[in-house]
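# heads up, no residue letters with this:
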């Protein structure tokens, strides 16, 4: 159970590079080839990094599917097409 009153001792900041995501997907594709399916797991708003932005990147790089944990996220992704 998560204590909603817990305060972080140190603030955390994550910087996500969409270019790095593209690069990593290209490298993964080189390793696994085109006969292996790649599924991008983007649950919880792409782990808080922006569902729309990350979905656009991974689909433009040729992932075969996007896995989501929430129907509202799935609806958002479908509306991107």
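It's in. These numbers were taken from a predicted model, which means no experiment stands behind them.
# name the helices or strands packed onto the helix or strand of the chain with the lowest mean pLDDT?
Using mean pLDDT, DSSP states H and E, the weakest-scoring helix or strand in the chain turns out to be helix 43-48, at a mean of 79. Identification of packing neighbours for helix 43-48 by 3 or more C-beta pairs under 8 Å, 6 or more residues apart in numbering; DSSP states H and E yields helix 51-60. Any C-beta I mention is one placed from the backbone N, CA and C, and that applies to glycine too.
# From residue 80, how far off is residue 42?
Residue 42 is 12 Å from residue 80, where distance means C-beta to C-beta, to the nearest Å.
# which of these two has more neighbours?
Neighbour tally, residue 42 and residue 80, criterion other C-beta atoms under 10 Å: the higher count belongs to residue 42, 21 against 11.
# just checking, next helix/strand downstream of the helix of greatest length in the chain?
Longest helix of the chain, by residue count under DSSP state H: helix 18-32. Sequence-wise, the next helix or strand downstream of helix 18-32 (DSSP states H and E) is strand 39-41.
# That following strand pairs with which strands, and in what direction?
strand 65-67 (parallel) (DSSP bridges).
# what's the offset of the partner strand from the middle of its chain?
Chain-centre distance of strand 65-67: 9 Å, with C-alpha atoms, centre = their mean, to the nearest Å.
# Which is the succeeding secondary structure element to that strand?
The helix or strand immediately downstream of strand 65-67 is helix 71-78, counting by DSSP H and E.
# could you give the mean pLDDT of that following helix?
For helix 71-78, mean pLDDT rounds to 90.
# got a pLDDT number for residue 4?
Looking at residue 4, the pLDDT reads 54.
# follow-up on the earlier one: hmm, who's touching the longest helix of the chain?
38, 53-54, 57-58, 60-63 (C-beta atoms under 8 Å, 6 or more residues apart in numbering).
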